[in-house]
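S.K.: got a predicted model here, sequence first, then my questions.
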Amino acid sequence: MGQVGTVEISAAAEEAAAFTVSGTQITYAGVDPGDAVISCKGEGVEYPGERVSLNAGSGLIDFCDIAEGTVQITADGMETGVLNLGTVQK
């Protein structure tokens, strides 16, 4: 997201969920598998929200290609999926 940016992830959890940020990556744990919504806003990028299915309760979300309008999601034990943000504004 550049030097300044925000990411919002809305998902269900039975207990406390944890999110850890490292560079362009967010590691998540304790999230109920199922639908979540990811929104992001940063330098030259703004996306109001995309529904995504998280196939496992833990995994990795990588924003390294956000400038191209994609986010990589790797749920633990699954192959990496690519989320296309069709209306990314620059």
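M.R.: Good, I have the coordinates. Numbers count the residues shown, from 1 in each chain.

S.K.: mind listing the strands for this protein?
M.R.: Here the chain has its strands, by DSSP state E, at 5-10, 18-22, 25-29, 34-42, 45-54, 59-62, 70-75, 81-84.

S.K.: and the longest one with strand 70-75, angle?
M.R.: It refers to strand 45-54. 30 degrees (axes from the mean of the first three to the mean of the last three Cα atoms, to 10 degrees).

S.K.: got it, and the second one?
M.R.: Relative orientation of strand 18-22 with respect to strand 70-75: 130 degrees, computed using the same axes, to 10 degrees.

S.K.: same thing with the first one?
M.R.: Strand 5-10 and strand 70-75 meet at an angle of 40 degrees, taking the same axes, to 10 degrees as the criterion.

S.K.: just checking: what are the partner strands of strand 5-10?
M.R.: strand 34-42 (antiparallel) (DSSP bridges).

S.K.: mean confidence score for the strand it pairs with?
M.R.: For strand 34-42, mean pLDDT rounds to 87.

S.K.: in that strand, which residues are buried?
M.R.: 36, 38, 40, 42 (16 or more other Cβ atoms under 10 Å). To be clear about C-beta, it is placed using only N, CA and C from the backbone, and glycine gets the same treatment.

S.K.: show me the contact partners of that strand.
M.R.: 1-2, 4-12, 46-54, 61, 63, 66, 71, 83, 85 (Cβ atoms under 8 Å, 6 or more residues apart in numbering).

S.K.: residue 66 against residue 45, yeah?
M.R.: Yes. When contacts are counted by Cβ atoms under 8 Å, residue 66 is listed as touching residue 45 (5.5 Å).

S.K.: more neighbours, these two?
M.R.: Using other Cβ atoms under 10 Å as the criterion, residue 66 and residue 45 rank with residue 66 on top: 23 against 19.

S.K.: what bits of the chain have low per-residue confidence?
M.R.: Confidence mapping of the chain against pLDDT under 70 gives the ranges 1-4, 86-90.

S.K.: nearest the geometric middle of it, what residue?
M.R.: Nearest to the mean C-alpha position of the chain, by Cα atoms, centre = their mean, lies residue 61 at 4.6 Å.
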